[in-house]
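Participant: I would like the atomic coordinates for the input below:
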Amino acid sequence: MSYEAKLRELGYTIQIADLNMGRLMGAVRTGNLVYTSGNVSRFGDQQVVGKVGRDLTVEEGYEGARLAALGCIQAVHSLVGVDNVVRVVKVLGMVNVAPDFANTPAVIHGASDLLLEVFGEAGRHARSAVGMQIPSDFAVEVEVIFEVK
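Facilitator: Next up is the predicted model:
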């Protein structure tokens, strides 16, 4: 089954997006690697906004991380086609945290779990999960490095 078909089976539709964002690109390719820009916890008509540990639960943050990862998948799809992904190399997950919140890995598991669901063993990756302030108060921001054909 293709990765695009797997996404559809999971209930997600990805489209070709314009990656030119003026000062920056939504994704760039160098050699056989695609680097995505940070994607916030918004995809389609869904979004997750607020600080995890104050406004949001870990579970709500987890869902936000899934949305952010979908944005990264859509970016790689827009640049080279999702079915050209060889493997997920690295994920940087950033969580908008309340001052005393320290369980950022549990939130970013949402992105990791989605990548594993879509790409199987090729979705197993290196990862960082850190807490910080995210622009526009989105719950999560995720960047992914993909190896592609």
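Participant: tell me how far the closest residue to residue 88 other than its chain neighbours lies from residue 69.
Facilitator: Excluding the flanking residues, the one nearest residue 88 by C-beta to C-beta, 6 or more residues apart in numbering is residue 125, at 4.2 Å. For glycine as for every other residue, the C-beta is placed from the backbone atoms N, C-alpha and C. Per C-beta to C-beta, to the nearest Å, residue 125 is found 11 Å from residue 69.
Participant: can you tell me the helix or strand for the residue nearest the centre of the chain?
Facilitator: The geometric centre of the chain, computed from its C-alpha atoms, lies nearest to residue 69 (C-alpha atoms, centre = their mean), at 1.8 Å. If you go by DSSP states H and E, residue 69 is part of helix 58-80.
Participant: give the other helices and strands that that helix contacts.
Facilitator: Contacts defined by 3 or more C-beta pairs under 8 Å, 6 or more residues apart in numbering; DSSP states H and E place helix 58-80 against strand 27-30, strand 33-36, strand 39-40, strand 42-43, strand 46-47, strand 85-96, helix 104-119, strand 140-148.
Participant: quick one: residues contacting the residue lying farthest from the centre of the chain.
Facilitator: Distance from the C-alpha centroid of the chain, by C-alpha atoms, centre = their mean, peaks at residue 100 (24.3 Å). By C-beta atoms under 8 Å, 6 or more residues apart in numbering, residue 100 lies in contact with residue 53.
Participant: quick check: it is in a strand.
Facilitator: No - Residue 100 sits outside any strand when classified using DSSP: H, G, I helix; E, B strand; the rest coil, being coil.
Participant: please report how far it lies from residue 55.
Facilitator: Distance, residue 100 to residue 55, using C-beta to C-beta: 14 Å.
Participant: any low-confidence regions in this protein?
Facilitator: By pLDDT under 70, the chain contains no weakly predicted segment.
Participant: enumerate every residue touching the closest residue to residue 102 other than its chain neighbours.
Facilitator: Nearest non-adjacent residue to residue 102, counting by C-beta to C-beta, 6+ apart: residue 131, 7.3 Å away. Counting by C-beta under 8 Å, 6+ apart, residue 131 makes contact with 94-97, 101-102, 104.
Participant: tell me the SS of residue 131?
Facilitator: strand.
Participant: fine by me, thanks again.
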